[in-house]
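Trainee: Turn this into a structure:
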Amino acid sequence: MTRAEFAAQLETTKLPVFYDHAKVGTAVPFLTYTWDYDNFPADNKAYQRIANVTVTHYHAAYSDGADIKAVLDENELFWNCETYYDSNEKVYIDTYTMEVLADG
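Mentor: Numbers count the residues shown, from 1 in each chain. Next comes the predicted model:
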């Protein structure tokens, strides 16, 4: 999966999707994601490209994130999620982490 393909999958949630961060003042809910490589080496090269992906869901009202989880499950991605409430910003933050076999 490419980064663009991954972003397109996130967009099926109908939430605004941003790479790394949203502009200050962006209304919640929205998603951000990061895509970093932690490749599997063999024969002095990157034998398999592996992306460490973090998806962050910002929302003002509690949500179980069913739409996000469905997209990740449909794409057979193993994910973990941590949730916390930022009392200063008055926003819930769900952080999904996963590894994706990357093409390109």
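Trainee: so how many other residues sit close to Gly65?
Mentor: 21 (other C-beta atoms under 10 Å). For every residue, glycine as well, the C-beta is placed using N, CA and C.
Trainee: give the contact list for it.
Mentor: 57, 81, 94, 96 (C-beta atoms under 8 Å, 6 or more residues apart in numbering).
Trainee: Show me where this structure has its helices.
Mentor: Using DSSP state H, the helices of the chain run over 3-11, 66-74.
Trainee: Please name whichever of the ones you listed is nearest to Val28.
Mentor: Of all these, helix 66-74 sits nearest to Val28, with 13.9 Å by C-beta to C-beta.
Trainee: Check which helices and strands that closest one sits against.
Mentor: helix 3-11, strand 50-59, strand 79-86, strand 91-101 (3 or more C-beta pairs under 8 Å, 6 or more residues apart in numbering; DSSP states H and E).
Trainee: among the helices of the chain, which is nearest Asn52?
Mentor: Of those, nearest to Asn52 by C-beta to C-beta is helix 3-11, at 12.1 Å.
Trainee: For that closest one, which helices and strands make contact with it?
Mentor: Going by 3+ C-beta pairs under 8 Å, 6+ apart, helix 3-11 lies up against strand 17-19, strand 30-37, strand 50-59, helix 66-74.
Trainee: These: which one's closest to Asn88?
Mentor: Going by C-beta to C-beta, the one of these nearest Asn88 is strand 50-59, 13.2 Å.
Trainee: could you dump the helices of the chain to TSV with distance to Val24, mean neighbour count and mean pLDDT?
Mentor: Putting the helices of the chain into TSV (distance: least, C-beta to C-beta, whole Å; neighbours: other C-beta atoms under 10 Å; pLDDT from 0 to 100) gives the following:
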stretch	distance to Val24	mean neighbour count	mean pLDDT
helix 3-11	21	15	95
helix 66-74	23	14	96
